[in-house]
Structures are given as structure tokens and as C-alpha cells.
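Asker: Just to be clear, the model below is a prediction. Sequence and coordinates:
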Amino acid sequence: MKALLRKETGLFVLLVVVCAYTAIRSPNFISLANIVNESRLIGMYGIFSIGLGMVIITGGIDLSVGSMFALLGVVLAMLLNAADNTWPWPFAWMNGRYLTWPFAVAATIGLGSLLGAFHGFLITRVKLQPFIVTLCGLLLYRGLARYMAQDDDKGFHEAKGFEFLKNFAKGDVFGIPMPFVMLIVLSIVMWFVLHRSVYGRHLLAVGRNEEAARYSGINTKRIIAGTYILSGFLAAIAGILFAFDTNSVSPSMSGNFYELYGIAAAVLGGCSLRGGEGSIVGIILGTILLQILQNLVNILHIPSSLNFAVMGAVILLGVLADQLLSNRRKPRTSVEALKR
Amino acid sequence: MNPLVEVRGAVKRYPGVTALGGVSLQIRSGEVVAIIGENGAGKSTLMKILGGLVLPDEGEILVDGKPTIIDSVNKATALGIALIHQELNTLDNIDVAGNVFLGREPSRFGLMDRARMRSEASALLERLGLPISVDTPLDKLSLAQKQMVEIAKALSQNAGVLIMDEPTSSLTLSETDQLLRIVKDLRERGVGIAYISHRLGEVTQIADRVVALRDGKNAGDLAKDEITHDNMVRLMVGRDLDRIHLPAADSIGADRLIVRKLRTQRYPDCEVSFEVKAGEIFCLAGLVGAGRSEVVQTVFGTDPALGGDVTLDGVTVALGRPKAAIASGICLVPEDRRSVGLIVDWSVKTNMTLPGLAKYARGGLIDGKAEAEAAAAESTALGVKTPTIEAAVANLSGGNQQKVVVGKWMLQDPKVLIMDEPTRGVDVGAKAEIYELMRRLTSAGVAILMVSSDMEEVLGVSDRVAVMHEGSITGVLDNKDCSEEGIMRLAVGKGS
């Protein structure tokens, strides 16, 4: 617990340093427009990163979320717009039909959760490796998205009939963008779930030592499958927000690599890929840092081709610093253990 | 003629225990020396010393009459000593020839010389009478055949001394016969063999000499014509035990836990039936590998049951689900405390409350105060020595860790507490506390099902003892009828 707190503090300090440096170099960074824009992005990325973080805490991984954004976005657009969409086989019966927005949203979120449940089933019951299952998901859903959309971008145009949904997704509360507001609410809920609830304790136990958890009477399969369902559920919510943010979904481009942003945020935030470790605050800080880094590349006029390189370098430095610090701590504890 | 290998007065101490207290052993060319002894008598440590895995603290090793230090496996190999482990060291994804020459692959121009490997390996297999192709991957072979491959590997290194640690423990009868034939054949060729086995029947068949160990010391030797079942049992037991004095159970009630025709994965053809009464300590005794832990893990549900049923106070318990077992009042203190009994880098508190967390929660949220109070109270009641209940259990001594495992189940109000090796790795003081606690629990009507390999514990703590041998219960004894010799007789299997 203490080690985790230290990780969060370290990450927070790094974040403050990066922000201060950027703000000094370019005042644009702290302009209202930039801050609002950044918080909207942080909101959308943060929502699915929390789901990914929970999966990582069990020692698993979910590579499929990026492709889910494309598939779910395409499905949502096609469900909402009856007129200008033709459904391919075997969904031709949907032609000319549409769903009112509450049903379309429910169907999209339901589909996301169902895909998550499918992953959870394959991982816990069929005992396939999470990496393989969700890698196949990544390929499968991307392909399905392109097939469903017949490689056309699917847009929302004037949002006739679902103006409320669009206004909600793109709206704000007292000037704070809706995705960020949703992230705050979700974080508070998930903080209680992970750090204060029975389920959260069981989740950490399963991630840390699955056998010991099983010997304590915890239904480890249900816990693990649950995190994949949650990841699919949150990916669907984030997917809807992403779709309205750009007002159109490109089946081949939307959400590319986004799973890696989520994994990077969770790892930066102190989730161990071996499982059993992680915190909501850490995941949020990790998400913010990643978005700020992208923003920094733009604002400081660093060639945007270096975007990924900057992110990679900072993540590597962060993980390296953490490793060196924890290595320095280790020998002392092992000597203490020997004395006993 | 000098013996091939001789050990003189080997001593090996580990923190808190003396594994070997001055053991001597000679292995001559062309003889099979059987090494027998109870669990923990020091057989494995002695073998590890010969194999270069462990350095003795005192004593010397002579190879061909010359004092030698065997400080690595490579050194042992170079001296012609090969150790064949209980758990095999073969690689399943590589073929027979590759396994035989693993790490010493002959090469030509920097490439593996497959032709030479194949021809030499097949010559060895022929010598061992093993009718398999050298191209067979190891995962296609039976356990016995894999063992033969290990022997072939040892022979390819020109091993003059072969040390076999319970080679037949997982073999079928016909496989055992095959192995024994090969051992005899190797003896004809002048190889010296040290053969560790719990199976006295085999020993009678094959050994030229028996060396018995007891509590890390030589307990006596038997020459070829003295090797009988009774003589061996007499040598293995018969030490002075520090008797543990535990007050007798005051009120033994009706059958509480009834196990009927239980079949485990380890011994699918054996049915185990027994009952544990309210207020008694019922012990499953036997040698390592008799299937005792498998029985209790199957009752608790962490191992799948192949058949049979378990009832608690007349109500059937669902098998295969630890959660159901705990809910009905069956709790397990497992043998492997550090990997399945506890989450070692978690605190005393979180470990203790893990199974019954819902009791300290409202609406799914944990009431931190209630949780801490419950853990603190239990920790105090059991006398867990820890600075705070927030300390990680990894930092506690073995005895205190065990108390945490017990405490975790005490918070669940068990009706049947299963304790698998309850005092393994526990210091003397904590041991006594754990025994007292067991008696306190039984006085309150709890039934305790204990698995123990520690003879003092079996004799001193149990009210009744069931002895297991290779998956079956060979006898049930009342405490007053218990003797070390009687238990040992049942543990090695009557007829064999």
C-alpha cells in the first residue's frame, strides 16, 4: 500500500514538472480553450483506461478495446440513421429500420458488455490466455467494423431525432466537458469499488495470488470474468463519446492503438502487469500524463511525427525510475528477513 | 577395493534443524544399496550432498578412496555420480536423443551433430532394452519411459554411481518391474546404485544392503540375508520420542464429518471412507505421497472429486467448491502456507478477514473499523507476535504465519477444521500453542481432521489415527493402541 502511494506521489510530481515546463515554454498551454479541450480528451481516455486497469490488476490484459470503439461506433451510427445506411448480410432485415437513441445506446453498451463477457468466458472457462483472446478480438472486431460499414465512414450528420444524445455527449456542466464530468463520477464510484468494497479486495487478492484466493473460498473465475465485462462496458461508453467527439466513425481508423494508451496509463499509474497492484488515482494520473505529453508535442511545435517517441521515452523513464527505486529498497528487506 | 563413493560423518544444519547429524555411507561397484527411513530422516539431504546440490557443513566424501569436494552438479557429473530426482528433469518438447545429450550436444562446424546424437542415444536405449525411437518427443512417453531416458542420460555421462530418489513413486506395477530389471542389469555391469524407496517390497527384491537413517543419523545396516520387512521397520522406528502431552479429548460426540468412497485425482482407483467425530482430533498418517493431502483438498473442494460424497452433520456438502465447503463450516489450513494459505505480502488483517469479508461490510462496502477490530481481537486471542495487524505476514516467523492462517478460519466459526501438516516449519513454542488451540477447539465441539508426517505429532496429538498407503486407508487405530511401529507397518503397506 505504501509503495503504491509513493508511486502515485512520484507520478504526480512528474506530472506537475511536465505541466510547469510546458506552461513556461508556451502560455497557450494554460489557455482556457486548451484546458477544456484537454479535459475532454482525458475524460474519454480515462473512462476506458479504468476498465483496462481492472483487467490488468487481475493479471490479465485487454487488447480489444480500440477495435471495439470502431465496431461499436459503426453499430451505433447505423442503428441511429435509418435512411443512409445499408446493412450487409446477415443484417439486411435491419434496412430501413432504426432505434430511438435510448435503445441504440442500450444496445451499444449491451454489445460491449457482451463482448467482454465472451472474453471472460474464453479466459476463465476455456482457459485461453487473455493476450490471445483479446488479440483475436482486436483483429475480429476491426474486421467486423469494416465489413458492417462496408469501409465507409459512418457519421451522425445533423443528429436528427437524437439531438439530446449528441448534445449530452458534446455538452458540459458549468463549462466542464461532459466526458470529464463522467470520468470524475466514474472514478469516485470505482475508487469505492476497488479500495473500499468486498469485490475490490477480492479483485486484488485474485491478482496477487489466485490460488490463495481460491483457497479462501473466493470465486476467482467470476471475479476475473467480471473485469472483462466491466472493460467491455466502459469501452462502449467511451466508444460512444469518441464517436460523437469526431461526429463520424472511420471503421478502419477509429480507435487504432487506443488499447495501448489505456495499458500505458494503467502501468504508469502503478498497475503491475503481473497483477495484484494498482489504484484508481494512479490510472487517472497516468491518463492525464499521456494526454499532456501529446498536447505538449503540439504546443511546443515538436514535429508531430515524434509524438509516439516522446510518449514511449517518458513511459520508459517512469518505469525505469520506479524499478531502480524499488531495487534499492529490496536488499535491505531481504537482510531483515534473514535476521529473523 | 575402495568403494566407488564413501561419505564419512556428514553433517548438514539448516536454520533451526539438523538435517544430517553425522551420516556415513559406502557405495561399492556392482551393488544396490537401499536407503530407507521415515519422512525427514535425512535421505534426500544425503542424496543431494552426493549429487553436488548441497555442501555438507562437516564430514568428508571420498571418491575412489580420495577425499573430494562435490560443490556442483557438474562436478558430480565429472566424477561419474548421477542423481535421478523424484521430479524428473526432462524437457517435454525435445526428443529422446536431445534429452540424453542436453547441454552436451556434440557439434560439428558449430552445428549440432544429429547423426552422432541419434546413433549414440539409440545404442544406450538398446542397452536399457527400451523399445522406443530416439526421435520420439518426451511428451509422448510414459513416466517410466521418461525415467529410463534420465537413466540413459546418466549412462551417457559414464556414470559409475547412480542415485535414485524414489524412482517408482509414480510408476505402475509393470513399469516398476521394468525399472527393477534395468537396475539389476546395471548392477551386473558394475554400476553402484543408491536406491531410496518407501516401498519395502521393492527393497526386499532388489537391495544387496540396506542402510537405515533415523533423525539424520545412521540407524543400522542390514546385510542381504537380513533384509526382511520386519527388520526394516524396526530400524526405521524405535527412537525415543519426546512425547507431547495433550489432555485427552473430554467429550467425543457423534460423527460430524462423514467421507464416503471419495476418489481423488491422484489415486483414481482408490476409494477412501472415514468419519470424524465432533470433539476429536482425527489424523491421517502415512508416508509422503500416500495421498493424504489430496484427500483433504478434495474434501475442501480445491481438488476435484472423481466420486464419493461428504456430509457434515448429516447435510451433503457440494464437492469441488471451496466456497460451499467454507459456507457449510469446513475450513482448510493447507500444507503450503506461503503459496496457498496466505497472500504473503498482504497484512495480518487483510489475510485474516479475506474469507469472511462480507461479514464486515454493508452494501458491499467494507467497514474498516469492524474489520480491524475483528482481526485485532483474533490476533490477540491467538497470540500472533506482530508489531501491528497492518504488518505484512511475510515478515512474521513460520509459527506466527501459521497462527494467521488458523485465525483466518477461526473468524469463520469452523465446524470441521482440516489442518494439513499444522506445525511444519513452526518453532517449538508456537507448536505447543497450536496444539493447545486444537484441543480448545475440540473441547468446543469442533472436529479436527489433521494430516501429519511428524510421528511425535501423530502419536501425541491425535485421538484416532487412520494410516494411508498409496491412496487407501490401511487401518484406523485408537490413540491407546497407537505405536510408532504399528503405524509404520500400516504406512508401508501390509502385504508388500
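Answerer: The structure has been received and is ready for your questions. The model shown is predicted, which means the values in this text are computed figures rather than measured ones.
Asker: Show me where the stretch 101-250 of chain A has its strands.
Answerer: Using DSSP state E, counting those that start in this stretch, the strands of the stretch 101-250 of chain A run over residues A:154-155, A:172-173, A:176-177, A:248-249.
Asker: do you know which of the ones you listed lies nearest chain B?
Answerer: Chain B lies closest, by C-beta to the nearest C-beta, to one member of the strands of the stretch 101-250 of chain A: strand A:172-173, at 26.5 Å. Using the backbone N, CA and C atoms, a C-beta is placed for each residue, glycine as well.
Asker: Name the strands paired with that closest one and say parallel or antiparallel.
Answerer: Strand A:172-173 has its sheet partners listed here by DSSP bridges as strand A:176-177 (antiparallel).
Asker: So what touches the partner strand?
Answerer: For strand A:176-177, the surrounding residues in contact (C-beta atoms under 8 Å, 6 or more residues apart in numbering or on different chains) are A:V36, A:S39, A:R40, A:G43, A:G171.
Asker: Excluding chain neighbours, what is closest to the second one?
Answerer: With C-beta to C-beta, 6 or more residues apart in numbering or on different chains as the measure, A:F180 is the residue that lies nearest to A:S39, at 4.2 Å, once sequence neighbours are left out.
Asker: With B:V344 instead?
Answerer: Counting by C-beta to C-beta, 6+ apart, the residue nearest B:V344 is B:A394, at 4.3 Å.
Asker: how about the residues of the stretch 151-300 of chain B that lie near chain A?
Answerer: On the criterion C-beta under 8 Å from any C-beta of the partner chain, chain A has no neighbours in the stretch 151-300 of chain B.
Asker: Just the closest residue of the stretch 151-300 of chain B to chain A, please.
Answerer: Taking C-beta to the nearest C-beta, the stretch 151-300 of chain B has B:F300 as its residue nearest chain A, at 8.0 Å.
Asker: That residue against B:I418, yeah?
Answerer: Yes: counting by C-beta atoms under 8 Å, B:F300 touches B:I418, with 6.1 Å between them.
Asker: Mutual contacts of these two, please.
Answerer: B:I330, B:C331, B:L332.
Asker: Let me see the residues that make contact with the strand or helix carrying the last one.
Answerer: In this assignment (DSSP states H and E), B:L332 forms part of strand B:330-333. Residues from elsewhere that reach strand B:330-333, judged by C-beta under 8 Å, 6+ apart: A:215, B:257, B:296-297, B:299-300, B:302, B:312, B:317, B:322, B:325, B:341, B:355, B:402, B:405-406, B:409, B:412, B:414-420, B:422.
Asker: Next, count neighbours for B:L124.
Answerer: 22 (other C-beta atoms under 10 Å in any protein chain shown).
Asker: how close does it sit to B:K146?
Answerer: Distance from B:L124 to B:K146, counting by C-beta to C-beta, to the nearest Å: 14 Å.
Asker: Also B:P322?
Answerer: Distance from B:P322 to B:K146, by C-beta to C-beta: 33 Å.
Asker: Mind jotting down where the strands sit in the stretch 1-150 of chain B?
Answerer: Going by DSSP E, counting those that start in this stretch, the stretch 1-150 of chain B shows strands at B:5-14, B:17-27, B:32-36, B:58-63, B:66-68, B:81-84, B:107-108, B:111-112.
Asker: ok, the contacts of strand A:176-177 vs chain B, which is closest?
Answerer: Lowest distance from chain B to those (C-beta to the nearest C-beta) belongs to A:G43, with 25.6 Å.
Asker: where does that closest one land in three-state SS?
Answerer: Classification of A:G43 using DSSP: H, G, I helix; E, B strand; the rest coil returns helix.
Asker: So which of the contacts of strand B:330-333 sit within helices?
Answerer: Judged by DSSP state H, the contacts of strand B:330-333 include A:Y215, B:V296, B:Q297, B:V299, B:F300, B:P322, B:A325, B:Q402, B:V405, B:V406, B:W409 as members of helices.
Asker: Pull the number of nearby residues for residue 232.
Answerer: Since no chain was named, I'll use chain A. Neighbour tally, A:G232, other C-beta under 10 Å: 31.
Asker: my question was about chain B
Answerer: B:M232 has 24 neighbouring residues, counting by other C-beta under 10 Å.
Asker: So for it, what's the nearest residue that isn't a sequence neighbour?
Answerer: That would be B:L200: by C-beta to C-beta, 6+ apart, it lies 5.4 Å from B:M232.
Asker: do the same with B:E485
Answerer: In space, and not counting its chain neighbours, B:E485 is closest to B:V237: 5.1 Å by C-beta to C-beta, 6+ apart.
Asker: Quickly note the distance from that neighbour to B:T423.
Answerer: B:V237 is 20 Å from B:T423, by C-beta to C-beta.
Asker: ok, now A:F69?
Answerer: 56 Å.
Asker: do the same with B:S443
Answerer: 19 Å.
Asker: which one of those two has more residues nearby?
Answerer: Using other C-beta under 10 Å as the criterion, B:S443 and B:T423 rank with B:T423 on top: 24 against 13.
Asker: For the closest residue in space to the more buried one that isn't next to it in sequence, give me the backbone phi and psi.
Answerer: In this structure, B:T423 finds its nearest non-sequential neighbour in B:K431, 4.6 Å apart by C-beta to C-beta, 6+ apart. As for B:K431, its main-chain torsions (degrees, to the nearest 10) stand at phi -60, psi -50.
Asker: Check the burial of B:K431 by counting its neighbours.
Answerer: 20.
Asker: now swap in B:L138 and tell me
Answerer: Using other C-beta under 10 Å: B:L138 sits among 18 other residues.
Asker: And it, what's its pLDDT?
Answerer: Per-residue pLDDT puts B:L138 at 88.
Asker: okay but it is in contact with B:V149, surely?
Answerer: Yes: with contacts counted by C-beta under 8 Å, B:L138 reaches B:V149, the gap being 6.8 Å.
Asker: Overlap in contacts, these two.
Answerer: With C-beta under 8 Å, 6+ apart, B:L138 and B:V149 have common neighbours B:T90, B:V96, B:N99.
Asker: so what's the residue lying closest to B:G51 once chain neighbours are set aside bridging to?
Answerer: Closest residue to B:G51 apart from its sequence neighbours, by C-beta to C-beta, 6+ apart: B:L83 at 3.3 Å. Assessed by DSSP bridges, B:L83 has beta-bridge partners B:I163.
Asker: and B:L83, how far is that from B:I36?
Answerer: Look at B:L83 and B:I36: by C-beta to C-beta, they are 18 Å apart.
Asker: do B:D463 as well
Answerer: B:D463 is 29 Å from B:I36, by C-beta to C-beta.
Asker: ok, these two, which is more surrounded?
Answerer: B:I36 (26 against 22).
Asker: where's the residue nearest the centre of chain B, which helix or strand?
Answerer: Central residue of chain B (C-alpha atoms, centre = their mean): B:V288, 4.0 Å from the mean position. B:V288 is part of no helix or strand when elements are defined by DSSP H and E.
Asker: Which pLDDT value goes with the closest residue in space to it that isn't next to it in sequence?
Answerer: In space, and not counting its chain neighbours, B:V288 is closest to B:N39: 5.3 Å by C-beta to C-beta, 6+ apart. If you check B:N39, the pLDDT there is 74.
Asker: Within range of chain B, give me the residues from the stretch 201-340 of chain A.
Answerer: Counting by C-beta under 8 Å from any C-beta, the stretch 201-340 of chain A sits next to chain B at A:201-202, A:205, A:208-209, A:211-219, A:336-337, A:340.
Asker: Just the buried ones from the residues you listed, in ChimeraX syntax?
Answerer: In ChimeraX, this line selects whichever of these come out buried by 16 or more other C-beta atoms under 10 Å in any protein chain shown:
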select /A:201,202,205,208,209,211,212,213,214,215,216,217,218,219
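Asker: Excluding chain neighbours, what is closest to B:V11?
Answerer: That would be B:E58: by C-beta to C-beta, 6+ apart, it lies 3.9 Å from B:V11.
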